[in-house]
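Q: below: sequence and its predicted model.
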Amino acid sequence: SQTIHQWPATLVQPVGSPLSLECTVEGTSNPNLYWYRQAAGRGLQLLFYSVGIGQISSEVPQNLSASRPQDRQFILSSKKLLLSDSGFYLCALRRSQDIQYFGAGTRLSVL
Amino acid sequence: GQQLNQSPQSMFIQEGEDVSMNCTSSSIFNTWLWYKQDPGEGPVLLIALYKAGELTSNGRLTAQFGITRKDSFLNISASIPSDVGIYFCAGHVNRKLIWGLGTSLAVNP
């Protein structure tokens, strides 16, 4: 079965600091991977998705970037965090029949 | 970005009551999905719908794919306290999911 690992579960960072969130998957090859942000427990905003190594599609212009250095690794980064970057970040994996499965998420608080 | 119209935004019901929520769109989708999210966790898939008119059940949950392909509903029968959470609808297009804003469900024991 496929597994999605996200870490850390919780992160508190000062404004202006860098960010790196990692998502790794197991049990599949060449997956479509997604990064979402969720504010205040409502509404999932698609940030980036990737169909393969080095292939990143950005959905929303912002302070964040994504990379896919390996087939099963998807990284979300920022050089300088803003207060507005706070939220719940979710990594998802697309399986067959259009279904996306989610990791446990990372709660980011920028102070 | 594109979003689905999901209603109601929130519901507060008594344990044992039935619940109904729906999503509508101006666009046609070939796949409708319903997810539930518990606090602090990622959304979990409840039901997937692939054919217009399709009616699918998962225990006390029933969902239907509208004939026009522009809407879907989710019903929960005989609600219990563990049904508390946020329910999301999503439609699939071009490798991406378009999401509703969620229905927050509270159940009073």
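A: It's in.

Q: excluding sequence neighbours, find me the nearest residue to residue 73.
A: By default, I'm working from chain A. Spatial nearest neighbour of A:Gln73, chain neighbours left out: A:Thr24 (5.2 Å); criterion: C-beta to C-beta, 6 or more residues apart in numbering or on different chains. Yep, even glycine has a C-beta here, placed from its N, CA and C like the rest.

Q: oops, wrong one, chain B.
A: Leaving aside its sequence neighbours, B:Phe73 sits nearest to B:Asn22 (C-beta to C-beta, 6+ apart; 4.1 Å).

Q: quick one: contacts for the residue nearest to A:Arg95 when sequence neighbours are not counted?
A: Once flanking residues are discounted, A:Arg95 sits nearest to A:Tyr101: 6.2 Å by C-beta to C-beta, 6+ apart. A:Tyr101 is in contact with A:Gln2, A:Ile4, A:Ala92, A:Leu93, A:Arg95, B:Leu45, counting by C-beta atoms under 8 Å, 6 or more residues apart in numbering or on different chains.

Q: in its sheet, what does whichever strand or helix holds A:Tyr101 sit against?
A: Assigning secondary structure by DSSP states H and E places A:Tyr101 in strand A:100-102. Strand A:100-102 has these partner strands in its sheet, going by DSSP bridges: strand A:87-94 (antiparallel).

Q: I'd like the average pLDDT over the partner strand.
A: Averaging pLDDT along strand A:87-94 gives 96.

Q: next one: that strand to chain centre, how far?
A: From the chain centre to the centre of strand A:87-94 is a distance of 5 Å (C-alpha atoms, centre = their mean, to the nearest Å).

Q: do the same with stretch A:36-48
A: Relative to the centre of its chain, stretch A:36-48 is centred 10 Å away, using C-alpha atoms, centre = their mean.

Q: I appreciate the help and will end here.
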